[in-house]
Structures are given as structure tokens and as C-alpha cells.
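Asks: pasting the structure only:
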């Protein structure tokens, strides 16, 4: 190298090799880093968010099945086909979700262990519900004990496990966002270094030959500049779109899922308060309270806070309207529940029952309204997420391959430009 650097042709060969290496390295690193980010963006859109949504669906199906079972139990021998079908549909949806979750869980992971545990608990829960129904139809009070035991299994073992699965999938989604959004600083730095060295090389040629333009080096500079601009602009657009999909999609979805789960738990506790008839109590500050009524109050407080947060996050009328509708139904639900509780506490059980599961003016209609509105809001926010995340993924489409091609063309241009200068010494 030292011997070669003592002559101008030798120095030109070294410059050409360095330029080709820098430009090719820039293209290769750009292709590598943008390929990893594109894959992570694709995982956000097509894998981790759908799995997170599915985990939330498992939780919702289990909670709704528990609510439907308690509603059917209250109806006794008059349980309608709609209530029974809703329970069976929820159980099938939860089972199907667990099958899909098992297929996507990594072997030996916490998610796999959680799915195995839920798959074991689900048939046990269903067996308890069937026993409760059987005894209830025969008029035996032990049916209520079986239902409370099934609810205890659901609330203390199954729903916490489903929540853990949801948390695990959300962590995977957050990790994919973390892999997709950071700027590729190594590639950007290499691109800037390559442009600086190309500029220096062209200036050197100009000073030694008085030739303003070297076609090969100019082509290499153009290819490198195009790749660098594509990298910076494409990744900036992708990052903005992905950040938007999180801020205006995922955050709203998380809050809406919390609201829907709170409404389901509240409805289940409202039903169970009538099933238990005061058999379950808790003591707070020295005063006894019906355990299910107290849990209902706590769930409705969570629902109210979640709806307030969802209103704040809603960024368009289409997303805000169903949240407002859910809030209106919640207000009516509070009023009707207060009336039903008053009847129950005064010993008017049948009147309280009519106000909870009756045909008209019952709290069940309010719960259904809240649930439908939240389902609409979730559908809207999920569509917003898919649109924004899709834009982010599209912004990176073709960038890895394009950067590699431009890197090869730039390296070839640098070699050709220096080779043209070397030919003058032959």
C-alpha cells in the first residue's frame, strides 16, 4: 500500500477501492437495516396486533360467556334460546381463539403455558355451568352454589390467565414497534460518509485535471444521493405512519378493550348479586356489603374512566360517536341498577329480577347498548390502525432491494470513474 501510494496511479487505485467499498457498504447496510424494519412493520400489521386483538377477544369471550351463563341462570326454566346460544357462541369463540394462540405461541414460552392452562380450565368451567343449569331447572338451590363456584373459577383463574396472555401479546406488539421505528443511523452515517468521500475525490480530480465532471463519479454520487434520500424520506414517512397507528389506533384499542371488559364484569356481578341473594358479603370499614354489588360498583367506575379516556383519544366524529352512545347507555344503566338494587334490598326479589333481565326497561338493554357501541368503536379504531400501519409498511416497500441495487450501481460508477482517470496513464 505504501509503495502504491507513492505514484498517482497507485493512489487512484486506492481511492477507487475505498469509494467502491464505502458505496457498496452503504447499500448493503441500508438493505439490511431497512429489511429488518420492514419485517417488523409487517409483523405489527399482520402478526402481533392481530394476535393482541385475538387475546383480547379470548378474554372478552370468556367474560361474556360468564355473563350469559348467569343471565340464563336467573331466567331459570324460562331461559331463552338467545341466551343459551350466546353462551355457546362465546365458548366456541374462546376455544377457537385458544387454538390459534397455541399455534402462534413459541415453544416453552409463557404464552404457551397460559394457553395450556386455559385449555384445561375451559372444560372444567363448562362442566360446572351445566351442573348449575341442571340443578336450577329442577329447583334445587345447590345450582346457585355451582354457578358461584364456576364464576369464582372464571374470575380468579381463567380471566387472570387470559389477561396475562393479552399482556404478553401486547408486549410483543410493543417490541415490534420498537424494532420498526428507530432511525437506521448506521446506514445514514455511511451514506453521508460515502457522499463526503465522493465529493472529496471529485474535487481532487478537478484540481489535478481541471475537468469539472467525471461521469463515473457523478453517477456514483447520484446513486448514493438517491439511496440516502430514499432511506431518510421513506423511513421518516414509515415512522410517522407507525407512530400514528399507535397513538390513534393501539392506544384507543387498549382503552376500549378495558371498557368492554369492565362492562362485561359489571353485568356478570349484577346478575350474580341476584343469584347469591346476599350469601356473599365483604366487610369494608367495619360495614358489611354484598360482594357482587360492591364489585359491580368498582367495575362501573372503571368503565366510566375508560369511556372518558376513550373520548379524549377519539380524533374524529366517527370514532367519538359510539363512545358517546356508550356513555349515554351507561348513565341509564346506573339509574336502572339503582332502582333494581333498591327493590332487592327491600326484599322485592321478583321486581328486582324484572328490572335486571325483564323485557322492558331492564339493565340488560343498557348493557347490550354499551357492548354494541364499544364493538363499533373498536371496529373503527382497528380500521384506523390498519390504514396507518399499512401506510407505514408501504413506505418501506422496495427500499431494501432498491438500496442494494443503487449501492451496486454507485460502486460500479466509482470504479468506472477512477478507471477512466487511470486509463490516461497507460
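Replies: Cool, got the structure. Computed from a predicted model, the values in this text were never measured in an experiment.
Asks: in what helix or strand does residue 64 lie?
Replies: helix 49-75 (DSSP states H and E).
Asks: what does residue 32 give?
Replies: Per DSSP H and E, residue 32 falls inside helix 8-43.
Asks: re earlier: mind giving me the packing neighbours of the helix holding residue 64?
Replies: With contacts defined as 3 or more CB pairs under 8 Å, 6 or more residues apart in numbering; DSSP states H and E, the packing partners of helix 49-75 are helix 81-104, helix 110-137, helix 142-153, helix 159-180, helix 251-276, helix 349-357, helix 363-395. C-beta coordinates here come from the backbone N, C-alpha and C atoms, glycine included.
Asks: relative to helix 8-43, how tilted is the helix or strand just after the fourth one?
Replies: Later in the chain than helix 159-180, the nearest helix or strand by DSSP H and E is helix 185-209. Compare the direction of helix 185-209 with that of helix 8-43 by axes from the mean of the first three to the mean of the last three CA atoms, to 10 degrees and you get 160 degrees.
Asks: Tell me how far whichever helix or strand comes after helix 185-209 lies from the chain's centre.
Replies: Remark: after helix 185-209, the chain's next helix or strand is helix 215-245, criterion DSSP H and E. Remark: helix 215-245 is offset 29 Å from the chain centroid, using CA atoms, centre = their mean, to the nearest Å.
Asks: try stretch 125-137
Replies: The gap between where stretch 125-137 is centred and where its chain is centred comes out at 36 Å by CA atoms, centre = their mean.
Asks: Renumber starting at 808 from here on
Replies: Sure, I'll start counting at 808 from here, so that last one is stretch 932-944.
Asks: who's in contact with the spatially most central residue of the chain?
Replies: Centroid-nearest residue in the chain: residue 856, 3.8 Å away (criterion: CA atoms, centre = their mean). For residue 856, the residues meeting the contact criterion (CB atoms under 8 Å, 6 or more residues apart in numbering) are 980, 1057, 1192, 1196.
Asks: What about residue 982, how many residues nearby?
Replies: Around residue 982 there are 14 other residues, counting by other CB atoms under 10 Å.
Asks: got it, and residue 1013?
Replies: Applying other CB under 10 Å, we find 13 other residues in the vicinity of residue 1013.
Asks: Contacts only, for it.
Replies: Counting by CB under 8 Å, 6+ apart, residue 1013 makes contact with residue 1019.
Asks: Let me know the pLDDT of it.
Replies: According to the model's per-residue confidence, residue 1013 sits at a pLDDT of 80.
Asks: That one and residue 1007, how far apart?
Replies: Distance from residue 1013 to residue 1007, counting by CB to CB, to the nearest Å: 11 Å.
Asks: same deal with residue 818?
Replies: Distance from residue 818 to residue 1007, counting by CB to CB: 13 Å.
Asks: any shared contact partners between the two?
Replies: Common neighbours of residue 818 and residue 1007, using CB under 8 Å, 6+ apart, do not exist here.
Asks: ok so, going back, out of the contacts of residue 856, who has the most neighbours?
Replies: Sorting the contacts of residue 856 by how many neighbours each has (other CB under 10 Å) puts residue 1196 first, at 26 neighbours.
Asks: can I assume residue 1217 is in contact with residue 1032?
Replies: No. In this structure residue 1217 lies outside contact range of residue 1032 using CB atoms under 8 Å: 9.1 Å.
Asks: And these two? Which one has more around it.
Replies: Taking other CB under 10 Å, residue 1217 and residue 1032 do not tie; residue 1217 has more neighbours (29 against 16).
Asks: can you pull the contacts of that one?
Replies: By CB under 8 Å, 6+ apart, residue 1217 lies in contact with 830, 831, 833, 834, 1001, 1026, 1027, 1028, 1030, 1031, 1034.
Asks: change it to 6 Å
Replies: Neighbouring residues of residue 1217 by CB atoms under 6 Å, 6 or more residues apart in numbering: 830, 1027, 1030, 1031.
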